[in-house]
Structure formats: C-alpha cells, structure tokens
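Peer 1: Dropping a prediction and its sequence here:
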Amino acid sequence: MAGDVEAGDLIALPDDVTPVLVKKVRVGQGGFILTVVPADDDRLERERFVTLSAKVSVRKYGRNPAF
C-alpha cells in the first residue's frame, strides 16, 4: 500500500513496470506525495512528484541502503 512506502524504497508505480527510487514521502490532500527518480538516474532534473491515494498498491522491489 502507498502508506507503507519510505524514502529509499525501489517501487513500480501503478501502470508502470519501470522501477523508481523514492526520495521523499509527504502526506498531502488526497494521498501521499512521493518524490521519485528513475532507479538508474537520480539527477535532480529527473525528479517528479506523484500523488497516490492511501489505497493504491505499488510493487516494492527493495531498499536503497544510502537512505
């Protein structure tokens, strides 16, 4: 579930099979706001924000030990 995601997790977002690295998790209106980057490219300009409701399921691949 979206509420079980933490910074450093590698996940696949709904309707996307490419893993992304979660850099930050915040609670916003309507759900969780995740700051994510592609798992293989953590440059600042590749960051994007994704809002997920608490009931959205994501596939979790593991954790980045740097976080």
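Peer 2: Right, received. Where do you want to start?

Peer 1: for this structure, what spans make up the strands?
Peer 2: Secondary structure of the chain (DSSP state E): strands located at 9-12, 20-28, 31-38, 48-52, 59-63.

Peer 1: Make TSV out of these and add mean neighbour count and mean pLDDT.
Peer 2: (Glycine included, C-beta is placed from N, CA and C.) Shown next, in TSV, are those (neighbours: other C-beta atoms under 10 Å; pLDDT from 0 to 100):
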stretch	mean neighbour count	mean pLDDT
strand 9-12	19	92
strand 20-28	17	91
strand 31-38	18	92
strand 48-52	15	90
strand 59-63	13	80
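
Peer 1: Look through this protein and report the residue furthest from the middle.
Peer 2: Gln29 (17.0 Å; C-alpha atoms, centre = their mean).

Peer 1: and that residue, what does it touch?
Peer 2: For Gln29, the contact set (C-beta atoms under 8 Å, 6 or more residues apart in numbering) is empty.

Peer 1: Just want the most central residue of this structure.
Peer 2: Looking at the chain with C-alpha atoms, centre = their mean, the centroid-closest residue comes out as Val22, 3.8 Å off.

Peer 1: and it, what does it touch?
Peer 2: Going by C-beta under 8 Å, 6+ apart, Val22 touches Val5, Glu6, Ala7, Gly8, Asp9, Leu10, Ile11, Leu34, Thr35, Val36.

Peer 1: before we move on, what about Pro38?
Peer 2: By C-beta under 8 Å, 6+ apart, the contact set of Pro38 is Thr18, Pro19, Val20, Leu21, Arg46.

Peer 1: do you know how far it is from Val27?
Peer 2: Using C-beta to C-beta, to the nearest Å, we find Pro38 at a distance of 24 Å from Val27.

Peer 1: From the contacts of Pro38, pick the one nearest Pro65.
Peer 2: Using C-beta to C-beta, Leu21 comes nearest to Pro65 of these, at 11.9 Å.

Peer 1: Contacts only, for that closest one.
Peer 2: By C-beta under 8 Å, 6+ apart, the neighbours of Leu21 are Gly8, Asp9, Leu10, Val36, Val37, Pro38, Ala39, Asp42, Asn64.

Peer 1: Then Pro14?
Peer 2: By C-beta under 8 Å, 6+ apart, the contact list for Pro14 reads Leu52, Val56, Ser57, Val58.
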